[in-house]
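[1] From the sequence below, what's the structure:
(chains A, B, C and D)
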There are 4 protein chains.
Amino acid sequence: MNTSDQSPILDRRGLAKNRIEALADGIFAVAMTLLVLDIKSPENRAFETSADLIDHLVRLEHSFAMYAISFVVLAIFWIAHHFLFHFIRHVDRRLLWINMGFLLLVTFVPFSTDLVGDHGHFTLPLFVYGVNLLALGALLTVQLRYMAGRPELSTPDLTPAAVAHMRREIGIYALIPLASMAVSLFYPRVGMYCYLLLAIPAFVSSRIDRHFHPAARGAAGAHPEEP
Amino acid sequence: MNTSDQSPILDRRGLAKNRIEALADGIFAVAMTLLVLDIKSPENRAFETSADLIDHLVRLEHSFAMYAISFVVLAIFWIAHHFLFHFIRHVDRRLLWINMGFLLLVTFVPFSTDLVGDHGHFTLPLFVYGVNLLALGALLTVQLRYMAGRPELSTPDLTPAAVAHMRREIGIYALIPLASMAVSLFYPRVGMYCYLLLAIPAFVSSRIDRHFHPAARGAAGAHPEEP
Amino acid sequence: MNTSDQSPILDRRGLAKNRIEALADGIFAVAMTLLVLDIKSPENRAFETSADLIDHLVRLEHSFAMYAISFVVLAIFWIAHHFLFHFIRHVDRRLLWINMGFLLLVTFVPFSTDLVGDHGHFTLPLFVYGVNLLALGALLTVQLRYMAGRPELSTPDLTPAAVAHMRREIGIYALIPLASMAVSLFYPRVGMYCYLLLAIPAFVSSRIDRHFHPAARGAAGAHPEEP
Amino acid sequence: MNTSDQSPILDRRGLAKNRIEALADGIFAVAMTLLVLDIKSPENRAFETSADLIDHLVRLEHSFAMYAISFVVLAIFWIAHHFLFHFIRHVDRRLLWINMGFLLLVTFVPFSTDLVGDHGHFTLPLFVYGVNLLALGALLTVQLRYMAGRPELSTPDLTPAAVAHMRREIGIYALIPLASMAVSLFYPRVGMYCYLLLAIPAFVSSRIDRHFHPAARGAAGAHPEEP
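    This is a model prediction of the structure:
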């Protein structure tokens, strides 16, 4: 009778994480797809020659670049969110609200992207964009800290080492908006292209990855699994 | 023979709740992401100085405020919907239609938000917005009552106490649109900012929360967890 | 060894239905939320008095009506799709393509809705809309017939009686577009409001419902539930 | 001791694939639904006669065709993605980034579709569209190759034969954009309609299908099904 407490049926009684994951995935999906709408297709103009059309598209260069940059930025935050939720077993009201703040900032990214794409020769748009990304990183850190302090909500995998690895990774990403904002004070357009540096930490495997690899389970669990 | 009725295989034969959850999450995600599109980015204007751009953005103040307010409003209703569905085991046609009415009102929020953001110096938009939110709350109450009367659709966790807690919480949220509409008869803009009061009930843990906490399973399940 | 073929682990090897369900839910969610964008909010106009604004909104009457009608129409087809997929165990390529045709028609609904909302004083838009809905119903029938002929893809619940009940229900829905198109030859606007008749079959429980009710499992599963 | 590593509980420790599936389904759903928005509904015009309206819609012929073609193209890539993920057990960072590149190209499809719909009398739009589709196919091949080299991420079903069948199918699809681009050098509009050839490989069952059919489990699971 007591063992049945461990059964999956009772375990479901904690508030499940699948719906906030679904909402987050939906919001990320819409935001990532809307980015391309910011590139104004020359639909209302009839071009006389193919060269005119090419000319028009070339002038949209900054919009294309910001579309790709913001897609990668959202992809980075989505992956970080995915990694974080890997360690969650249950959610509570506060964790939901931390996520809602995070998602509010995600929905703001298409707006700040558009601002940089259209007015990126000024410094202000790059500061709006940079602060948007820093705030996203800050909320991930808040969530990580909240989870680390509540073992009943997280899986046993969330060891202090895993927390430290994730904090370090979020910290590295914060350096790029800071660099971009500093540069944009003098050269706004160069500040915008600073975000291409995101490619360095994003694609490189870091220490946190071995927590997710099935072959690394021994390292994460530090003990053989059913002796 | 009787115990096999409790088996997960037979249990699946009732209409599963996961798809209406997925549809609701999708509609909330789209509505929450579209809110930012209501802020008209000054894309077709070339600003001569950075001050002109700042000036333009400052004049969008009400649109920014309504975007944040409506995001929080939708987040509140999403969380309430999440809490309600935690107690559902199966759905039937009527429960699906109650949810469809609820979701129709969710898709109307971007429209009523836009109306307040653009014409919030009149009383009418604030009444449209307030009635929209009251109707959302009313449909949640209808759903709660429907579930309470059909034990075959809900989990045993849905005790009369849980129902009472949820009804009280929905009731508290209804006070804010009512206050906003009353104030907007005299000062429309002040009526709009009444919605900032939503922060008070939204972030505070209420009694209903302990129904979802894994540590509170004892209370719901009537027997201790780890002796 | 043979019985292990029934085991959930091996059973997963067939192509799972959850992803086409997720795609369908996503497309329905986006289409249902985009409907409200067809109502042109008077954002670029500054109204001098509240009466001017009311006047403007009243003139959007047909757009509001079509938004609500199309939401209900999409809800009906979503519920029918949900009912149909309740009986599916695995999908194959052809079933995926039948669904893709169905979803293509779903994405066309916002366009045909807009056409009726803006130009509903002509007959043509009502024919486009009516044919759109008839084609949606036709594809559901094709899918039902396909499933009925492939027991390896469907659950044992899909009895000939269940198939007959679902075919009859889809047939009843087809009567309303036919009526609307006939009426619109003479009075287009009346043809549009014919769709309000959808409320009659949509909200009424039909025979098919007892296949989904957990209490009706006895009928489907061939043994009584609580003796 | 070793066999316990195969247990479902331990198996969950690898990074689950369900969230990247959900993100992909969301992005596909939004992109597929946005396609219809590229058809400019004549909302701001009042047509005097029904013939004027018909005339206007007929002139949108290329936009309607591109909407249907791109929906089918996205459906093909979604099905291919679905087939590929059928064989995945766990994901890692690199697999996530391969998918992000794939999804970036998916979000670009509404833009390139619009370009062909509006300016398809030039060669350039058809090259942009063709390269977009070739890049999508290339990333699927990269993903397939990555999975084939990492048995710890994929299911045992991913036999060399399955890999070969999928590579061949992706290759066949690549022929159509190549043909379209070649033809568009001389006749852009004919190049556009080359995509109707997609119907041939898309709807025909290929060898890969028997890997997904529950009746083909014998081949995958090494023992006959119905003795």
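[2] so where is chain A shaky, pLDDT-wise?
    Where chain A drops to pLDDT under 70, the residues are A:1-13, A:40-45, A:203-208, A:210, A:213-227.
[3] Apply 90 and report the result again.
    A:1-16, A:36-63, A:89, A:92-94, A:117-121, A:150-162, A:164-166, A:168-174, A:188-189, A:196-227 (pLDDT under 90).
[4] Report how many residues lie close to A:Pro152.
    Rather than Pro, residue A:152 is Glu. Using other C-beta atoms under 10 Å in any protein chain shown, A:Glu152 has 11 other residues around it. (C-beta placed from N, C-alpha, C; glycine too.)
[5] mind checking which helix or strand the residue in chain A positioned nearest to chain B is in?
    Relative to chain B, the nearest point of chain A is A:Gly26 (2.7 Å; C-beta to the nearest C-beta). Assessed by DSSP states H and E, A:Gly26 sits inside helix A:18-34.
[6] Please apply the same query to A:Ala135.
    Per DSSP H and E: A:Ala135 is located in helix A:123-148.
[7] Against which helices or strands is that helix packed?
    helix A:61-86, helix A:93-119, helix A:160-184, helix A:188-193, helix B:50-59 (3 or more C-beta pairs under 8 Å, 6 or more residues apart in numbering or on different chains; DSSP states H and E).
[8] Can I take it that A:Glu48 is in a helix?
    No - read with DSSP: H, G, I helix; E, B strand; the rest coil, A:Glu48 is coil and lies in no helix.
[9] A:Leu198 contacts A:Leu74, correct?
    No - counting by C-beta atoms under 8 Å, A:Leu198 stays clear of A:Leu74, with 11.2 Å between them.
[10] Assess the claim that A:His121 and A:Pro188 are in contact.
    Yes - applying C-beta under 8 Å, one finds A:His121 in contact with A:Pro188, separated by 5.5 Å.
[11] Between the two, point out the one with more neighbours.
    Neighbour count, other C-beta under 10 Å: between A:His121 and A:Pro188, A:Pro188 has more, with 21 against 16.
[12] any idea how far the more buried one lies from A:Ser180?
    Distance, A:Pro188 to A:Ser180, by C-beta to C-beta, to the nearest Å: 10 Å.
[13] With A:Ile69 instead?
    For A:Ile69, the distance to A:Ser180 equals 10 Å [C-beta to C-beta].
[14] before we move on, what about A:Val109?
    A:Val109 sits 15 Å away from A:Ser180, going by C-beta to C-beta.
[15] Next, give phi and psi for A:Ile88.
    phi -90, psi 140 (degrees, to the nearest 10).
[16] any idea what sits nearest it, other than its immediate chain neighbours?
    Distances taken as C-beta to C-beta, 6 or more residues apart in numbering or on different chains put A:Lys17 closest to A:Ile88, at 5.1 Å, once the chain neighbours are dropped.
[17] Now do the contacts for the one you found.
    Neighbouring residues of A:Lys17 by C-beta atoms under 8 Å, 6 or more residues apart in numbering or on different chains: A:Phe85, A:Ile88, A:Arg89, A:His90, A:Val91.
[18] Please report how far the closest residue to A:Gly120 other than its chain neighbours lies from chain C.
    In space, and not counting its chain neighbours, A:Gly120 is closest to A:Met192: 5.1 Å by C-beta to C-beta, 6+ apart. As for A:Met192, its distance to chain C is 29 Å (criterion: C-beta to the nearest C-beta, to the nearest Å).
[19] go on, A:Pro125?
    From A:Pro125 across to chain C, the span is 23 Å (C-beta to the nearest C-beta).
[20] count of residues packed around that residue?
    A:Pro125 has 26 neighbouring residues, counting by other C-beta under 10 Å.
[21] Contact partners for it?
    Shown in contact with A:Pro125 (C-beta under 8 Å, 6+ apart): A:Ser112, A:Leu115, A:Val116, A:Asp118, A:His119, A:Pro188, B:Leu53.
[22] of all the residues you listed, which comes closest to B:Thr33?
    Checking the contacts of A:Pro125 against B:Thr33 with C-beta to C-beta, the nearest one is A:Ser112 at 13.8 Å.
[23] That closest one contacts A:Val128, correct?
    Yes - using C-beta under 8 Å, A:Ser112 is in contact with A:Val128, at 5.0 Å.
[24] So which of these two has more stuff around it?
    Neighbour count, other C-beta under 10 Å: between A:Ser112 and A:Val128, A:Ser112 has more, with 23 against 18.
[25] Pick out the residue closest to the middle of chain A.
    Centroid-nearest residue in chain A, with C-alpha atoms, centre = their mean: A:Phe77, separated by 0.9 Å.
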